[in-house]
Each structure stands twice: as C-alpha cells, then as structure tokens.
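Colleague: the following block contains a protein sequence and its predicted model.
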Amino acid sequence: VRLVESGGGLVQPGGSLNLSCVASSDYYRVNLMRWLRQAPGKEREFVAGVTPAGDISYATSVKGRFTISRDNATNTIYLQMNSLRPEDTAVYYCHAQEQRGRPSLPTYYEYYGQGTQVTVSS
C-alpha cells in the first residue's frame, strides 16, 4: 500500500484544516484506515479511524471537533479538523491496513504515511 497525505499547515487557534490520505493497493483490500498523530516529545497516538463499512471511532480529545470520512471507491480518508487548539499541533500520520489471503484466514499488513505537519499557533 502506498499512502499519500496532504492538507497540513499553519492555522490559528479556533481555525480549521482538512487532511486527506489516498491509499493505493494494486491487488489487495484496504481495510481499516486511521489517523494518528505525534507531538514533539510525545508518543504517537490514535486520532480517528474508519472501516470500509463506515464504523468510526475517535480519540476523546478530538471528539466533537474532528470528523473522519472515507471514500471506499478511491480508498481515500479525510480528517476535517475544526476548533483547532495549540495542543493539536503534531505530525499527523495516515495508517492503512491491507488484508491479504482468504477471507476465512486473512493476514493483515500495516502501513504508515510520511506524515503531514499541523501547527496551531497565533
């Protein structure tokens, strides 16, 4: 799976940004896709995730402010980030899970993008 992220940048507190990530897989099904982030000096953490069936989950810290969506036809996920705070500053990474093998006995492979910087500052 090849992952291409876009949409990061500098925004003032209270502002909005929209991230996107396209997952390209030649032969296999792209299963779960997620956004993770890593702030300076901190460990990488989960932000939001979405399955092909549309099951969505959010970290408590972003619930109500961020919205994840997915286009299954293009294996693209989006992260609409509103009411941004300085503590949202981080490198945001796209994650995709690729499913191989028989449906009755799948094998999963995990892939991560290069990351896109989001800076929230006045």
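Modeller: Arrived safely.
Colleague: can you give me the offset of the helix or strand that contains residue 30 from its chain's centre?
Modeller: When elements are defined using DSSP states H and E, residue 30 is found to belong to strand 29-38. What separates the centre of strand 29-38 from the centre of its chain is 5 Å, taken as Cα atoms, centre = their mean, to the nearest Å.
Colleague: go on, stretch 107-122?
Modeller: Distance, stretch centre to chain centre, for stretch 107-122: 6 Å (Cα atoms, centre = their mean).
Colleague: for the residue lying closest to residue 8 once chain neighbours are set aside, give its distance to residue 72.
Modeller: Using Cβ to Cβ, 6 or more residues apart in numbering and skipping residues adjacent in sequence, the residue nearest residue 8 is residue 116, 3.4 Å away. C-beta here means a position set from N, CA and C on the backbone, and glycine is covered the same way. Between residue 116 and residue 72 the distance is 22 Å, computed by Cβ to Cβ, to the nearest Å.
Colleague: between these two, tell me which one has more neighbours.
Modeller: Taking neighbours as other Cβ atoms under 10 Å, residue 116 and residue 72 compare with residue 116 leading, 21 against 14.
Colleague: who's in contact with that one?
Modeller: Residues in contact with residue 116 (Cβ atoms under 8 Å, 6 or more residues apart in numbering) are 5-8, 19, 91-92.
Colleague: which one of those residues is nearest residue 55?
Modeller: Comparing the contacts of residue 116 against residue 55 with Cβ to Cβ picks out residue 19 as the nearest, at 19.7 Å.
Colleague: the closest one belongs to a helix?
Modeller: No - residue state for residue 19 (DSSP: H, G, I helix; E, B strand; the rest coil) corresponds to strand; a helix is not indicated.
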